[in-house]
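1. Would you be able to build a 3D model of this:
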Amino acid sequence: MLFKNNRQKWTGLAVAMIILLLLMCASIVYGYTETSWRTAIAAFTNFNGSNEHIIIQSVRVPRAFIGAAVGASLAISGVLMQTLTKNPLASPDIFGVNAGAGAFVVIAVTIFSIGNLQLFTWVSFAGAAIAAITVYAVGSIGREGLTPMKMTLAGAAMTAMFASFTQGLLVLNEAALEQVLFWLAGSISGRKLDNLTAVLPYLVTGWIASLVIASRMNVLAMGEDVAKGLGLNTAFIKISIGVIVILLSGGAVAVAGPIGFIGIVVPHLTRSLIGNDHRWLIPLSGMLGGVLLVAADIASRYILMPQEVPVGAITAIIGTPFFIYIARKGFNGR
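-> Next up, the predicted model:
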């Protein structure tokens, strides 16, 4: 653990916030269309209607804010899921949220011929929410109630079902594949601030709620029996976590598509820096999640210029080796 006392933790949180703001500024300046920091400033202080100013205001600013919000939401969702399930690999993509959102978007395109990006947002949000609720409900069936193993298996089953359903629909309708392929790969390119503002109330509610229950998360992390012995209403906390995950991961996927690995990588990285105290773990994970996604989005613009790589592919490149490491570490620890 790098940051040991509260002063160091506040410093770490402040540094992460500064890095995130700097990367958001860099996201506004750098890309295929050449602009400078001076041009970016002028776009807000002395707008002249030029192509560069329009791109900065209507394309890059939304990408920067969406990247920060989505990255933070996915990272916090990962923290909550890992604590709830006692599973180091728990994340929105493992628990079927991404697959559910993707399936609902494909249904909207192939069956109902919906092509509006704003409607995509709400359809995918509904799919993510239904997938999360279904996994939670299926994992709660039985005499033992909700257990980490049952919830993990339920998530894997729902992911497989939604993925198979999505692939089947796309095989039957190749035209729909062209419309949703870039979204299914995970991308914040082409999104407008309207897409973010539509789900922002849900994201903000989730961020605040996760901080409110942070101290109770510390008790829950000590184990079910210990938590109950200390007077914690574990059922209420588990339901609260499920609702927060729906708000955060569902809203994030609704805006940017199924972006994976952030919910796995960032919580583990944050724990190595700040420990397991959720009062610090949750806000720092949010900051670092935004840092990772915004940095990945900047990199996605340069790898195959003038074409852009979906940011979900960049996070997969970063996250896959880490996923293998955590999986091996987990198996070796058993």
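2. any low-confidence regions in the stretch 51-200 of the chain?
-> For the stretch 51-200 of the chain, the stretches flagged by pLDDT under 70 are 115-118, 145-146, 148, 174-179, 182-183.
3. just the helices in it please.
-> Counting by DSSP state H, counting those that start in this stretch, the stretch 51-200 of the chain has helices at residues 51-55, 61-85, 97-110, 117-140, 148-172, 174-184, 193-212.
4. in stretch 131-148, what counts as buried?
-> Going by neighbour count (16 or more other Cβ atoms under 10 Å), the buried part of stretch 131-148 is Ala131, Ala132, Thr134, Val135, Tyr136, Val138, Gly139, Ser140, Leu146. For glycine as for every other residue, the C-beta is placed from the backbone atoms N, C-alpha and C.
5. Including distance to Ala156, could these go into CSV?
-> Output for these, formatted as CSV (distance: Cβ to Cβ, whole Å):
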residue, distance to Ala156
Ala131, 12
Ala132, 14
Thr134, 13
Val135, 9
Tyr136, 14
Val138, 11
Gly139, 11
Ser140, 16
Leu146, 16
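6. ok, the residues you listed vs Val171, which is closest?
-> Comparing the buried residues of stretch 131-148 against Val171 with Cβ to Cβ places Ala131 closest, at 21.2 Å.
7. Skip the chain neighbours and tell me the closest residue to the closest one.
-> Residue nearest to Ala131 in three dimensions, not counting chain neighbours: Gly100, with 2.4 Å by Cβ to Cβ, 6 or more residues apart in numbering.
8. Determine the number of other residues adjacent to that neighbour.
-> Gly100: 32 surrounding residues under other Cβ atoms under 10 Å.
9. And for Arg279?
-> Other residues within reach of Arg279, judged by other Cβ under 10 Å, total 14.
10. what do you get for Pro310?
-> Neighbours around Pro310, by other Cβ under 10 Å: 22.
11. what residues are up against the residue nearest to it when sequence neighbours are not counted?
-> Among residues not flanking Pro310 along the chain, Ala185 sits closest, at 3.7 Å (Cβ to Cβ, 6+ apart). Residues near Ala185 by Cβ atoms under 8 Å, 6 or more residues apart in numbering: Gly257, Pro310, Gly312, Ala313.
12. hmm, 10 Å instead?
-> Ala185 sits next to Gly257, Pro258, Ile259, Val309, Pro310, Val311, Gly312, Ala313, Ala316 when contact means Cβ atoms under 10 Å, 6 or more residues apart in numbering.
13. what about burial for the residues you listed, which qualify?
-> Gly257, Pro258, Ile259, Val309, Pro310, Val311, Gly312, Ala313, Ala316.
14. check which helix or strand covers the third one.
-> What that stands for is Ile259. Assessed by DSSP states H and E, Ile259 sits outside every helix and strand.
15. Give me the distance between Val29 and Ile262.
-> In this view, Val29 and Ile262 are 23 Å apart by Cβ to Cβ, to the nearest Å.
16. Columns distance to Leu232 on top of the helices of the stretch 51-200 of the chain, output as TSV?
-> Formatted as TSV, these follow (distance: least, Cβ to Cβ, whole Å):
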stretch	distance to Leu232
helix 51-55	51
helix 61-85	13
helix 97-110	26
helix 117-140	18
helix 148-172	17
helix 174-184	39
helix 193-212	14
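17. Which of these sits closest to Leu269?
-> Among the helices of the stretch 51-200 of the chain, helix 61-85 sits nearest to Leu269 (Cβ to Cβ), with 9.3 Å.
18. how big is the angle separating that closest one from helix 148-172?
-> For helix 61-85 against helix 148-172, the angle by axes from the mean of the first three to the mean of the last three Cα atoms, to 10 degrees is 140 degrees.
19. Go through helix 61-85 and flag the buried ones.
-> So helix 61-85, judged by 16+ other Cβ under 10 Å, has buried residues 61-85.
20. which non-adjacent residue is nearest Gly142?
-> Setting aside the residues directly before and after it, Gly142 is nearest to Lys150 in space (Cβ to Cβ, 6+ apart), at 7.0 Å.
21. In contact with the one you found, which residues?
-> Neighbour list for Lys150: Thr85, Val135, Val138, Gly139, Ser140, Ile141, Gly142, Glu144 [criterion: Cβ under 10 Å, 6+ apart].
22. which one among these gets closest to Gly290?
-> Distance to Gly290, by Cβ to Cβ, is smallest for Thr85 among the contacts of Lys150, at 23.8 Å.
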